[in-house]
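Q: sequence and predicted model, in that order:
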Amino acid sequence: MKFLKDFYRFKNDFEKISMLTAYDYPSAKQAEAAGIDIVLVGDSLGMTVLGYDDTVSVTLDDMIHHGKAVRRGAPDTFIVVDMPFGAVARDTNVAIERAVKLYQATHANALKVEGAHTSDFIKGCQEIGIPIVGHLGLTPQSVGLTGFKVQGQSEATRRKLIDEAKRMEDDGAVMLVLEAVPQDVAAFITEQLRIPVIGIGAEPDTDGQVLVYHDVLNYGVDFKPKFVKRYSDFSNGVEALRQYHEDVKHKAFPEPQHSFKARMEEGERERYDNMY
Ligand code: KIV
């Protein structure tokens, strides 16, 4: 398992960090087998596996449920679990209680929070020993306000973003995810911070990259954001399932090799006929 100190070393050595989302046991197993540095149990699971339109409907219990499955699938990988929408309440003690619950239940290595309003929460978590990854730029939990748009388009918003990133580091965040941010702004923030900065739609100068499992594999997704690269195509699974359906209908499945050998002795079948 790689730890935070390894990711800090990667940053200093200009070795890129790979992060991938996973939401269940098989995707986590694949991520670990592929050698991915960090697995993120993102609240994007609301869209990728639960079928919501956004991440806002995802609950703390959802994150616990999926986080536990991912830990079982990737026991030797650094795992970050998202605090879902609304979990970082205005009452910091309540928010920290939720973080403790999520951290303990999932055995995550760190939790991730979106937005600049999380300052007191990050400080509080640092005090009690929960590593926090910040998430700035496009923060999907706030799409009701911002829409799914590239952030930092004006000088004022770029300045705000840089200030927020620096404050997150000062508050004690151990890593930062920057989403949908112009490349030069992401590069500047990456240079300014000591903590690793992971980009999504902020390429290529951040310390690492994160992508969503279902986007990478074209698995059940209807839309491909500009920053996504597809490495495989699981959409042809539908064809395989159609074939299975047809095989059952046409008695082409199961074949002899899929069945267990006959075991009844002579006369046994007839005895059953009389009994039942
Ligand atoms: O929830 C998620 O998958 C994320 C990534 C897009 C960074 O936050």
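A: Perfect, thanks for sending it. Computed from a predicted structure; not experimentally measured.
Q: what's the neighbour count on the closest residue to residue 231 other than its chain neighbours?
A: Counting by CB to CB, 6 or more residues apart in numbering, the nearest residue to residue 231 once its immediate chain neighbours are dropped is residue 216, at 5.2 Å. (Each C-beta comes from the backbone N, C-alpha and C, glycine too.) Here the count is done by other CB atoms under 10 Å, and residue 216 has 17 residues near it.
Q: can you list phi and psi of residue 216 for me?
A: For residue 216, the backbone dihedrals (degrees, to the nearest 10) come out as phi -60, psi -40.
Q: mind checking pLDDT for it?
A: At residue 216 the predicted local distance difference test score is 98.
Q: and it, how far from residue 128?
A: With distances defined as CB to CB, to the nearest Å, the gap from residue 216 to residue 128 amounts to 35 Å.
Q: do I have it right that the residue nearest to residue 231 meets residue 233?
A: No - proximity of residue 216 to residue 233 does not meet the contact threshold set by CB atoms under 8 Å, at 10.4 Å.
Q: now do the contacts for residue 221.
A: The neighbourhood of residue 221, defined by CB atoms under 8 Å, 6 or more residues apart in numbering, consists of 48, 214, 215.
Q: got the residues of the stretch 51-200 of the chain near the ligand?
A: In this structure, the stretch 51-200 of the chain approaches the ligand at residues 82, 135, 177, 179, 200, judged by CB under 6 Å from any ligand atom.
Q: of the contacts of residue 221, which is the most crowded?
A: Among these, the one with the most neighbours (other CB under 10 Å) is residue 215, at 22 neighbours.
Q: now do the contacts for the residue nearest to residue 231.
A: 20, 228, 229, 230, 231, 232.
Q: so which of those residues comes closest to the ligand?
A: residue 20 (9.5 Å; CB to the nearest ligand atom).
Q: circling back to that earlier point, now the contacts of residue 221 in TSV, with distance to the ligand?
A: Putting the contacts of residue 221 into TSV (distance: CB to the nearest ligand atom, whole Å) gives the following:
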residue	distance to the ligand
48	8
214	10
215	9
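Q: and which of those residues is nearest residue 196?
A: If you rank the contacts of residue 221 by distance to residue 196 using CB to CB, residue 215 comes first, at 21.6 Å.
Q: run through the residues that contact that closest one.
A: For residue 215, the set of contacting residues under the criterion of CB under 8 Å, 6+ apart consists of 221, 224, 225, 228, 230.
Q: test my guess that the third one contacts residue 179.
A: Think residue 225. No - under the criterion of CB under 8 Å, residue 225 is not in contact with residue 179, lying 10.2 Å apart.
Q: neighbour count for these two, which is higher?
A: Counting neighbours by other CB under 10 Å for residue 225 and for residue 179 shows that residue 179 has the greater number, 22 against 13.
Q: thinking again about what came up before, top of the contacts of residue 216 by neighbour count?
A: For the contacts of residue 216, the largest neighbour count, defined by other CB under 10 Å, is 23 neighbours, found at residue 20.
Q: in this structure it contacts residue 209, no?
A: No - with the criterion set as CB under 8 Å, residue 20 and residue 209 do not qualify as a contacting pair; they are 9.1 Å apart.
Q: out of the residues of the stretch 51-200 of the chain next to the ligand, which is most surrounded?
A: Each of these was scored by neighbour count (other CB under 10 Å); the top score is that of residue 82, with 31 neighbours.
Q: residue 40 is in contact with that residue, correct?
A: Yes - under the contact definition of CB under 8 Å, residue 82 touches residue 40, with a separation of 7.3 Å.
Q: what residues are shared contacts of those two?
A: Taking CB under 8 Å, 6+ apart as the contact criterion, the common neighbours of residue 82 and residue 40 are residue 112.
Q: now the strands for this structure?
A: Taking DSSP state E as the criterion, the chain carries its strands at 17-21, 38-41, 78-82, 110-114, 132-137, 175-179, 197-200, 208-211.
Q: and the pLDDT for residue 149?
A: pLDDT, the model's per-residue confidence, is 87 for residue 149.
Q: how about the helices in this protein?
A: Using DSSP state H, the helices found in the chain span residues 4-12, 25-33, 45-48, 60-73, 92-106, 119-128, 143-146, 155-171, 183-192, 213-216, 237-249, 268-275.
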